[in-house]
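A.B. asks: Okay, predicted coordinates and the sequence, questions at the end:
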Amino acid sequence: IDMAELIEEASHDSVWVGDSLYSKPRMEPLSTLAAIASRTKKVRLGTSVLLAALRHPVMLAQAINTLDLLSSGRTILAVGAGGAFTPSQIKEWEIAGVDIHTRGKRLEEVVHIIKLLEKNLPLSFKGQFFELNKVTMQPKAVQTGGVPILFACHIRAKREAQFKGAALLGNGLISISESPGEFAQAIQKVKSYSQEYGKSDDKIESA
């Protein structure tokens, strides 16, 4: 929290926190960002990245919107499917009761539901992982259209689904390990898919 205050004083634009339930023990990210929100006024508050597939979408939507309300509209939700490459990572998904082989599809469904809940209508939904019956969500996010959601995208992963998800379901992309050239390629891929899906590419956010 002290570091976040220093970042704001130095006129940087955002603060980001990671997410891990088990493999890399750390504080829960949305609660941590809420604490940071109480001590800052300008910096945007982001997750880098949230393992959204570990969570129920309705409970996650409530937590996200609460953070956006407490921070006066400074929240950014960056999400990713997460890894299952080490025993501790695999254990993380087992603890949450999530099949590691479905985490990508589950992530997409979670984000889809969060977006639908922002429409102020009772939501009835039946998907592969979740079923909802006339659910509404309060509080609402402060930001028009809801909290922006960025998808983790990496050229080296060679998975087109990342870029398609960022374009179709998200508001942009985030990357943590690309070279500048690779990051430029990732941005262009998301923009291309956005155009293919009939969405404007001039509001795509990248981090």
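C.D. replies: Arrived safely, thanks for sending. Keep in mind that this is a model prediction, so the values were computed, not measured.
A.B. asks: Please enumerate the helices of the chain.
C.D. replies: For the chain, the helices defined by DSSP state H cover 2-9, 29-37, 57-70, 87-96, 103-117, 160-168, 180-196.
A.B. asks: could you dump the ones you listed to CSV with distance to residue 154 and mean pLDDT?
C.D. replies: (Glycine included, C-beta is placed from N, CA and C.) Output for these, formatted as CSV (distance: least, Cβ to Cβ, whole Å; pLDDT from 0 to 100):
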stretch, distance to residue 154, mean pLDDT
helix 2-9, 25, 97
helix 29-37, 20, 98
helix 57-70, 23, 97
helix 87-96, 16, 94
helix 103-117, 13, 96
helix 160-168, 7, 94
helix 180-196, 7, 95
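A.B. asks: For residue 206, which of those is the nearest?
C.D. replies: helix 180-196 (5.2 Å; Cβ to Cβ).
A.B. asks: next one: that closest one to chain centre, how far?
C.D. replies: Remark: helix 180-196 is offset 18 Å from the chain centroid, using Cα atoms, centre = their mean, to the nearest Å.
A.B. asks: and if you look at stretch 50-57?
C.D. replies: Computed by Cα atoms, centre = their mean, the chain-centroid distance of stretch 50-57 equals 9 Å.
A.B. asks: so who does residue 191 touch?
C.D. replies: 167, 201, 204 (Cβ atoms under 8 Å, 6 or more residues apart in numbering).
A.B. asks: quick one: the residue lying closest to the last one once chain neighbours are set aside from residue 76, how far?
C.D. replies: When the adjacent residues along the chain are set aside, residue 204 lies closest to residue 172, with 4.6 Å between them (Cβ to Cβ, 6 or more residues apart in numbering). If you measure residue 172 against residue 76 using Cβ to Cβ, to the nearest Å, the figure is 9 Å.
A.B. asks: which residues touch the closest residue to residue 196 other than its chain neighbours?
C.D. replies: Spatially, and ignoring its direct neighbours in sequence, residue 196 is nearest to residue 167 (7.6 Å; Cβ to Cβ, 6+ apart). For residue 167, the contacting residues are 190, 191, 192, 193, 194, 196, 197, 199, by Cβ under 8 Å, 6+ apart.
A.B. asks: who touches both of residue 172 and residue 76?
C.D. replies: Both residue 172 and residue 76 are in contact with 148, 150, 205, 207, where contact means Cβ under 8 Å, 6+ apart.
A.B. asks: Ranking by neighbours, what's the top pick from those?
C.D. replies: The most neighbours of any of the shared contacts of residue 172 and residue 76, using other Cβ atoms under 10 Å, belong to residue 150, which has 27 neighbours.
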